[in-house]
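**Student:** How does the following fold in three dimensions:
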Amino acid sequence: MTDPVSITVHVNGTAHTRRVEPRLLLSDFLRHELGLTGTHVGCEHGVCGACTVLIDGRSARSCLTLAVMADGQDIETVEAQGTQEDLGRIQRAFRDHHALQCGFCTPGFLMTIADMLRHHPLENDEQIREALSGNLCRCTGYQNIVAAVRELASERGPIE
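**Tutor:** Residues are numbered from 1 along each chain as shown. Have a look, this model is predicted:
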């Protein structure tokens, strides 16, 4: 057994210092150490995208990232996107386009889309589908998700 390591991460704008096992996954750190259960764990192999978070502004699979690798990084989880009372822009688009059903995959999609809107042109449906190809949904058929992203891409403003 390896001794715990001290890490400091900035999650949704708040600094957190903890002692963690070196093999602790970032997804488990967020969920169990910080209580941020919006980050879902699906496949645990980086395939489904449900655990996607932003690390220094770029999407990353938290089930493939060790918490110690995030030391000193800025992490954004779905909890930073908005609340039930005050939805963020991406959440509103998902609601308006009925782009979710069971909701399990939704946090990963929201975080992927936040990254894509910040860093990629998304000029047509083909580019949108390619950008979303790393996130799996078993319920929606993707059409409404693509429609929501199409609207967001056409508006291009700061992501809330």
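**Student:** Break this structure down into its structural domains.
**Tutor:** 5-79, 81-155 (automatic domain parsing).
**Student:** Can you give me the end-to-end span of the first one?
**Tutor:** Pointing back at domain 5-79 there. 26 Å (CA to CA, to the nearest Å).
**Student:** burial count for the closest residue in space to residue 22 that isn't next to it in sequence?
**Tutor:** Leaving aside its sequence neighbours, residue 22 sits nearest to residue 2 (CB to CB, 6 or more residues apart in numbering; 5.0 Å). (Glycine included, C-beta is placed from N, CA and C.) Applying the criterion other CB atoms under 10 Å, we find 7 residues in the vicinity of residue 2.
**Student:** and residue 2, what pLDDT?
**Tutor:** Among the per-residue scores, residue 2 holds a pLDDT of 83.
**Student:** Could you do the one 4 residues further on as well?
**Tutor:** Note on residue 6: pLDDT of 98.
**Student:** what ranges do the strands span in the chain?
**Tutor:** Counting by DSSP state E, the chain has strands at residues 5-11, 14-20, 52-55, 58-61, 74-76.
**Student:** Can you add distance to residue 98 and give these back as JSON lines?
**Tutor:** Putting the strands of the chain into JSON lines (distance: least, CB to CB, whole Å) gives the following:
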{"stretch": "strand 5-11", "distance to residue 98": "30"}
{"stretch": "strand 14-20", "distance to residue 98": "33"}
{"stretch": "strand 52-55", "distance to residue 98": "21"}
{"stretch": "strand 58-61", "distance to residue 98": "24"}
{"stretch": "strand 74-76", "distance to residue 98": "25"}
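**Student:** Deepest in the core, which of those strands is it.
**Tutor:** Per-residue neighbour counts averaged over each of the strands of the chain give the maximum for strand 52-55, namely a mean of 25 (mean count of other CB atoms under 10 Å).
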